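Novice: Quick one, what's the 3D model for this:
(chains A, B, C and D)
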Amino acid sequence: MKTTMTPGIELRTSPHVVKGNSVERIMFHVVLALLPIAAFSVWQYGVSALTSLVTITLVCIGSERLFNRLSGQPSTLSDWSATITGLLLALSLPPAFPLWMGAVAGFVAIALGKALFGGIGYNVMNPALVGRAFVQAAFPVAITTWIPAFSPNRFSEFAPTTFTAPLMMPPDISVWAKQALDGFTGATPLAIWKFDNVLATPADFLSGSVTASTGETSAILILLCGMYLAARKFLDWRIPVAILGSAALTALVFQAIDPNRYPDPLFVLLSGGLMLGAVFMATDMATSPVTPKGVWIYGALIGVVTVMIRYFGGLTEGVMYAILIANALAPLIDQVTQPRVFGQVKAAKEKKA
Amino acid sequence: MHDSLSQIFIATMLSNNFVLAMFLGLCPFLGVSGKLNTALPMGAATTFVIMVASLCAFGLNWLVTALDMQYLRLISYIVIIASAVQLVEMFLKKTSPVLFRALGIYLPLITTNCAVLGVALFQTAREYSFLQAMTFAFGGGLGFTLALVMMAGLRERLRLAIVPNVVQGTALSLMLAGLLSLAFMGFAGLGSGG
Amino acid sequence: MSEATLQPATPSAAMIRTLGILSTICGVLIVSAYQITLEPVAANKKIALERAVFKVIPGAHSVKEFDATSAGIQPAGAIVPEGAVKFYAAYDQAGALKGIAAEGAGKGYADTVRVMYAYDPARQVITGIGVVSMRETPGIGDKITTDPAFLKNFVALDVKLAADLKALANAVKTVKHGSKQNAWEIDAISGATVTSKAVGKGINASAQKLLPLLVPHLDKLQGGK
Amino acid sequence: MAASSLNHGQKQPTNMEEFMEGIWKQNPTFVMVLGMCPTLAVTVSAMNAISMGLATTFVLVASALLVSLVRNIVPSQVRIAAYILIIATFVTVVDYAIQAISLAVYDALGAFIQLIVVNCIILGRAEAHAAKNPPTRAAINAVGMGIGFTIGLFALGSVREILGAGKLFGIALFGPDFQPWVVMVLPPGGFFVLASWLLLFNWLDSRKAAKAQTEEGRIHA
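Specialist: The predicted model follows:
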């Protein structure tokens, strides 16, 4: 058959223990860093968010196991990567996203995002974002249906959409959402800005009372967790810095051009999934460049494309697509920024990526 | 249509990318995207030929319309594109052997690239003016190149991966193309001037 | 072609002759196909047009195509005059003018959205729209054909001309969902703002061009049977 | 492809084999993966897929017939030009025919009807088969290829329509509450569905191969 591919096939039989260990350790700490964010979102959205987080993570773990078995490989669950994918995916989806759609997203994330390309380290794009982009394209209405944060009944009552029967359309929840919380508009701050030109204040964002995906609103918490990971060298601090910096800079330029039309950089940084994406998604080691210069280019690209899509595209949020595009460009960025002399460390890293 | 040039350019390059959104030029896209160092010249050659074809088609459309012989449009397009590619090939051979050696092998492939005929047909259907047509062709060619180069980068990277046996070959390329296409959906609406 | 110079074995006369014969065969085939299908195609186009017009002007029985130019209006002929705007006049069974229909096009989310709208000359309002072609996202953009709240915009959309008859008194404008205040505004579908705007822009552009040319000559259309 | 047709020239396959070649062994969509632009672009519904398949089949058969008829009088230097001429003619004919039959189909397929000209299956067949075989044989092979291509398109179109709209041939299958998977009728869905079909065939192939191997092993044991 077509076993002509890759000398890497021998790798399967010889577990590279040392590297595996360190990957596990990094991944485990990423999971730890995600837990406070998940906890905050459960406090915001109640049982709906909790069920969503648990279900999607379990689906991801189950899919990973399934593909392990299909390809006859030993279980890779202990590297925590499927758990991270599941948590990130759930955090990036709306809190009341129907569970069956979340399950689809989780399965697609693992299958299309990772397993088909050979598993961890060989994914070409961030698996969680692949899953999200798939359901964004598949269920455009459900993925832009939001529920209010801090509604009084959030710990006793599920959002009506959560338990939508599989393959069926979720019910319209606009009436329910208005009852749950007075004055709820059902639109994210980005959408409100884009279509009504009204800006949410930083205080709105920091209190977590804006409409958003499950894990998007706790900007400070995300930053803190990111700093922890960066301080322990579990993620490359240059990537989030480059993304947030370039996004802020781009926003600043546009604001200078027309202050009435374009919002201030702080709004750009705090709104939508920029913070979560910059800290946890763009930093995925397998899909970001490895050269020092490349990392800066990669981050800057994400920042600029995000702002461009938000300002001029048909969609209100662009972080996800910006990261996916940059993921796809990462090999090219590496190639262009390749230092002339191959360092020892880099060569090893290269292989992993 | 009253689309501005910049709108046409952005739309054809990104949101309506020839390969990833309109499925034009898939055969060379899947065939020549294995390696980065061939992807770029192929993209450049295709862009060039698309521009030439667009130019020819614009003149030809004017002629065919003036003579009221629309039924000959398709046949004259394909004939003139095929001859144009031949002429370009001969011209390059004579004037710039270096460029010819770089692009030569791709030129015959391009004749049957549906992106080339596609440009001619779409610019006619959309009744683009001369400048609009040229912008359309240029943006389309660049978009094709961009998709080709991105694809080549990903495929080169995956050469090290332990891809499961059943996913090898065209299926893998199509999966990658699907992912790229999914990512490019983020550009939807860009260039619509909304 | 270029190979021919490399291999002079076949005389060029033979090649030219063969290609000549083939071209003749092909030419004959194409022209006969064109001739044979000419009538059915025209009939098909007419049916499609009638269907589109009847959909926006209920009760209409026949349709006539016109060109409006600065010189007046005339039945559409083979040659379209410079700067002409095409429109359709619909008549009922008795031959009385039922309404005017015209096409507008605006750039939507994915591609151009083309709509047919019905114009009631007596009340100077738009009384209905139908989509001619679009490639908007199913489930979102295509709500412009199904969303009852959106379609209500076009029961009596104000396109009154200004006093000088040179432009609309108020440009047709798409406003965000839930904020329609004036009769010339279109209340966008929430979540499908880009497509809703495309419809508004298409109608506005077309009406701004057509109505100033058409309104002074409306009397010519009466009893057009 | 050239090699395979050479083989055929030597072995002289029966008409049935000639016919089945395009449907199974050399299926243009699933085995040769040719002509993908229309394969992906128009298969948003089963109806579109079948219309496109039939249009392509017509061009395939008609051009194969004509190419085969003139194969002995066309000098080899100008044969490609002659083939392109012939193919473009029949595409123009089919273009007008579809307009005459149904404008709705014509609008749905758009420019992709005219793009049949550059469908590599047709030129490939003309060059590799029709130019080397008598008319009946060429036509039979072309019919098989056309049907194989149509089957491929239908396989894509039906999956995309069922998932993407909850319908088949425009008839709703699952009731009004079905949630369509919009992505399936969008460009990425086309890539994914075709890739999944290829995966399925690869998987079946590898299973067959594995089975054959174990059986062989048993015999040896």
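Novice: after the helix ranked longest in chain A comes which helix or strand?
Specialist: Across chain A, the helix with the greatest residue count (assigned by DSSP state H) is helix A:17-45. Of the helices and strands lying after helix A:17-45 in sequence (DSSP states H and E), the nearest is helix A:47-70.
Novice: Tell me the helices and strands packed up against that following helix.
Specialist: The elements that helix A:47-70 packs onto, with contact taken as 3 or more CB pairs under 8 Å, 6 or more residues apart in numbering or on different chains; DSSP states H and E, are helix A:17-45, helix A:81-92, helix A:99-113. All C-beta atoms are positioned from the backbone trio N, CA, C, and that covers glycine.
Novice: Pass me the low-pLDDT residue ranges in chain C, would you?
Specialist: Residue ranges of chain C with pLDDT under 70: C:1-10, C:78-79, C:110, C:139, C:223-225.
Novice: Quick check: the residue of it nearest chain B.
Specialist: C:Y34 (4.2 Å; CB to the nearest CB).
Novice: For that residue, give me its contacts.
Specialist: Each residue near C:Y34 by CB atoms under 8 Å, 6 or more residues apart in numbering or on different chains is listed here: B:Y71, D:T92, D:Y96.
Novice: make it 10 Å
Specialist: B:M69, B:Q70, B:Y71, B:L72, C:V41, D:T92, D:V93, D:D95, D:Y96 (CB atoms under 10 Å, 6 or more residues apart in numbering or on different chains).
Novice: for it, helix, strand, or coil?
Specialist: Under DSSP: H, G, I helix; E, B strand; the rest coil, C:Y34 falls in the helix class.
Novice: Do me a favour and get the backbone dihedrals for C:K64.
Specialist: Note on C:K64: backbone dihedrals following degrees, to the nearest 10 are phi -130, psi 140.
Novice: so what does the strand ranked longest in chain C touch, helix or strand wise?
Specialist: Ordering each strand of chain C by length in residues (DSSP state E) puts strand C:97-107 first. On a contact count with 3 or more CB pairs under 10 Å, 6 or more residues apart in numbering or on different chains; DSSP states H and E, strand C:97-107 meets helix C:12-56, strand C:62-69, strand C:85-91, strand C:112-120, strand C:125-133, helix C:193-214.
Novice: so how far is that strand off the chain centroid?
Specialist: Chain-centre distance of strand C:97-107: 7 Å, with CA atoms, centre = their mean, to the nearest Å.
Novice: cool, and stretch A:52-62?
Specialist: Distance of stretch A:52-62 from the chain centroid (CA atoms, centre = their mean) equals 15 Å.
Novice: Stretch B:101-117 - what's its average pLDDT?
Specialist: Stretch B:101-117 carries an average pLDDT of 72.
Novice: start to end distance for it?
Specialist: 25 Å (CA to CA, to the nearest Å).
Novice: Then A:A187 would be within a helix, right?
Specialist: No. Going by three-state DSSP, the assignment for A:A187 is coil, not a helix.
Novice: picking that back up, now for the helices and strands packed on helix A:47-70, which one comes closest to chain B?
Specialist: helix A:99-113 (6.9 Å).
Novice: No more questions from me, cheers.
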